[in-house]
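K.L.:
Fold the stuff below for me.
(one chain, ligands or ions: 1)
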Amino acid sequence: MQIDILTLFPEMFDGTFQHSIIKRAKEKGLVVINLYNIRDFALDKHKSVDDYAYGGGAGMVMMIEPISRCMEHLKSKTQYDEIIYMSPDGERLTQKVANRLSTLKNIMILCGHYKGIDERIREHLITREISIGDYVLSGGELPAAVLTDAIVRIIPGALNDETSALSDSFQDDLLSPPVYTHPYDFNGWKVPDILLSGNDKEIKKWQHEQAMERTKQRRPGLLED
Ligand code: SAH
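P.N.:
As a prediction, this is how the structure comes out:
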């Protein structure tokens, strides 16, 4: 899979993509992540990428030309399945959305900044808009990193134990059951005995009950879906 990210601040991704599961997925050749600096596609010698909003009001707006030029450049080399704009008013990112996107071959992700991007980009150049929640961040970089992480970790082979992703919260509309590790007894706080019983069938049953219980208590809406 190839994920091309368009941003004004490529350095913001440095840490995120160089560790843990994403790093391993890149090393295994499961995903190629490219960062493109929109400023490199600016028209003028000052490398302008934003301007005042028509009609006035506070905040700068990202201009069409640099973004459009960057997209054209990329589209001449790659056929994209989706061109995504990270936006607080987009479709909410859920596990289902991430699952579906992880099956695609090439996606482009555009990060906005400041007041956002010229509306005409959204109308004519974007195929999908995704929000990571009902709050506003300074830029689309963190949301794009969140989306990328959610997608990459479920590409088959990215996680060491393939079944691990399946038992995560939301995969089957259930929250994850509690998990424990050594020591068995910490200051009298003990691990549930069933987990030490060695009875795989009973353990699975207990985990399912716990997942149901947790979902009922914390996110009953998931069970109705
Ligand atoms: N004026 C816009 C917010 C701009 S925030 C509005 O009120 O809708 C600047 C950029 O951050 C946006 O262009 C978007 O790319 C990104 N962003 C901020 N919050 C986000 C969220 N919850 N989900 C996805 N992207 C977000």
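
K.L.:
Provide the backbone phi and psi angles at the residue of the chain found nearest the ligand.
P.N.:
Nearest residue of the chain to the ligand (CB to the nearest ligand atom) works out as Gly112 at 2.1 Å. From N, CA and C alone the C-beta is placed, and that goes for glycine too. Phi and psi for Gly112, reported as degrees, to the nearest 10, are phi -80, psi 170.

K.L.:
wouldn't it be in contact with Glu141 here?
P.N.:
No - look at Gly112 against Glu141 with CB atoms under 8 Å: they stay out of range, at 9.5 Å.

K.L.:
re earlier: give me the number of neighbouring residues for the nearest residue to the residue of the chain closest to the ligand once chain neighbours are set aside.
P.N.:
Excluding the flanking residues, the one nearest Gly112 by CB to CB, 6 or more residues apart in numbering is Gly140, at 4.7 Å. Gly140 has 30 neighbours, counted by other CB atoms under 10 Å.

K.L.:
go on, Ile155?
P.N.:
Neighbour count for Ile155, taken as other CB under 10 Å: 17.

K.L.:
From Gln18, how far off is it?
P.N.:
Look at Ile155 and Gln18: by CB to CB, to the nearest Å, they are 17 Å apart.

K.L.:
In CSV, please show the C-alpha coordinates belonging to stretch 16-29.
P.N.:
Extracted in CSV, the C-alpha atoms of stretch 16-29 (Å, rounded to 0.1, in the frame of the first residue of the first chain):
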residue,chain,number,x,y,z
THR,A,16,5.3,8.9,14.6
PHE,A,17,6.3,7.0,11.5
GLN,A,18,9.8,5.9,12.7
HIS,A,19,8.8,3.6,15.5
SER,A,20,6.9,0.6,16.5
ILE,A,21,4.3,-1.0,14.2
ILE,A,22,4.5,1.5,11.4
LYS,A,23,8.3,1.3,11.3
ARG,A,24,8.1,-2.5,11.0
ALA,A,25,5.4,-2.4,8.4
LYS,A,26,7.6,-0.1,6.3
GLU,A,27,10.6,-2.3,6.8
LYS,A,28,8.6,-5.4,5.7
GLY,A,29,7.5,-3.5,2.6
